[in-house]
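Student: A structural model of the following input is requested.
(one chain, ligands or ions: 1)
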Amino acid sequence: MALVENGRTLGVIGMGVMGQTILKGLLQSGALTPDHAWGTSRSAKTCEAVAAAIGVPVEPNIRERLGSAGVLVLCVKPAQVPAALSAVKAAGTLRPGTLLISIAAGVDLQQLANLLGTVNPWVRAMPNTPCVVGEGMTAICPGEHATSAHLAQARQVFECVGMVAETEERHFDAITALSGSGPAYQYLIMEAMADAGVRVGLPRDLALTLVAQTARGAARMVQTSGRHPAALRDDVTTPAGCTIGGLLMLEDGKIRSVLARAIEEATRIAAKLGPAGTPK
Ligand SMILES: NC(=O)c1ccc[n+]([C@@H]2O[C@H](COP(=O)([O-])OP(=O)(O)OC[C@H]3O[C@@H](n4cnc5c(N)ncnc54)[C@H](OP(=O)(O)O)[C@@H]3O)[C@@H](O)[C@H]2O)c1
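Tutor: Numbers count the residues shown, from 1 in each chain. As a prediction, this is how the structure comes out:
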């Protein structure tokens, strides 16, 4: 099934890191052709630069293009959502059937629908930055007027840049903390392990190569083996060996509760990320 049909287009609002990544992913995967894609951003400078880099129209004024849109992907910061949706409303050309997808953290489906004030279908999504390398993890959930076909369209968008999981909106703050913020935690762990490699005598480049590929390999083991991480860990743990010694030190440092508390705190903050003055 084509992502947009009958001459409709897909527009991306907000040409920052995520907006550009999603648009590029859609084009590179062939899910969308350049003549069916467009973008918009607040500043003319950003629009010009992105249009030149990606090769699709990117303009601050959306009035004309909005009317052709079958799908709109909202990729502005949470605090910028009210202004971006005001501009959509003010353009006056949005079709009632156009699917809107928001990736803004902490802005829930009710707030999005209230801000736009139309009966358009909405899908809420939470991607992460590894979308840049086609290895993103995106959770999606449907709003009140979204059908299974709309959810399938949203899935198609994010499958261009990684994996997709369908879930319920009540999980979104936790997902924002776990996989939205998750890459930052993984980077910190990898940085610390690479530093540790340097501490025990390895050249930094080699240490980082070892750590990054080990993280990737371990992730693939968890994804493909169908086994619990604890069972995989047991496989590497020889009695009286070095791995069990290292694991003991991690447990002494309370690594489990530190990670759990970090996710708990990030979840709490995610719940408050919506734009000020927009009731939930
Ligand atoms: N980065 C992540 O890891 C991540 C992960 C998951 C979800 N998200 C969500 O993704 C969204 C975007 O994040 P990001 O990191 O891509 O942010 P970003 O790089 O700051 O991009 C946002 C862009 O929106 C544009 N913009 C601001 N107000 C606008 C308006 N009224 N109309 C049109 N464009 C406007 C800005 O463009 P100008 O240059 O034109 O001002 C800016 O480049 C956020 O809501 C965030 O919660 C991000």
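Student: residue of the stretch 1-150 of the chain nearest the ligand, please.
Tutor: Gly16 (1.7 Å; C-beta to the nearest ligand atom). Heads up, the C-betas are built off the backbone N, CA and C, glycines and all.
Student: what are the phi and psi values at the residue nearest to that residue when sequence neighbours are not counted?
Tutor: Nearest residue to Gly16, sequence neighbours excluded (C-beta to C-beta, 6 or more residues apart in numbering): Cys75, at 6.5 Å. Phi and psi for Cys75, reported as degrees, to the nearest 10, are phi -120, psi 40.
Student: Cys75 against Ser41, yeah?
Tutor: No. With contacts defined as C-beta atoms under 8 Å, Cys75 does not count as touching Ser41, sitting 9.3 Å away.
Student: wait, what's in contact with the residue nearest to Gly16?
Tutor: By C-beta atoms under 8 Å, 6 or more residues apart in numbering, Cys75 lies in contact with Val12, Ile13, Gly14, Met15, Gly16, Met18, Gly19, Ile22, Ile103, Ala104.
Student: picking up where we left off before, just the pLDDT for the residue of the stretch 1-150 of the chain closest to the ligand.
Tutor: According to the prediction, Gly16 has pLDDT 96.
Student: how about Lys280?
Tutor: 60.
Student: next: Val81.
Tutor: Val81 is assigned a pLDDT of 96 by the prediction.
Student: which residues does it contact?
Tutor: With C-beta under 8 Å, 6+ apart as the criterion, the residues that contact Val81 are Leu74, Ser102, Ala104, Val107, Gln111, Leu112, Leu115, Pro275, Thr278.
Student: what is the burial count for the fifth one?
Tutor: Okay, so that is Gln111. Neighbours of Gln111 under the rule other C-beta atoms under 10 Å: 21.
Student: three-state assignment of it?
Tutor: helix (DSSP: H, G, I helix; E, B strand; the rest coil).
Student: thinking again about what came up before, identify the contacts common to Cys75 and Ser41.
Tutor: Counting by C-beta under 8 Å, 6+ apart, the shared contacts of Cys75 and Ser41 are Ile13, Gly14, Met15, Gly16, Gly19.
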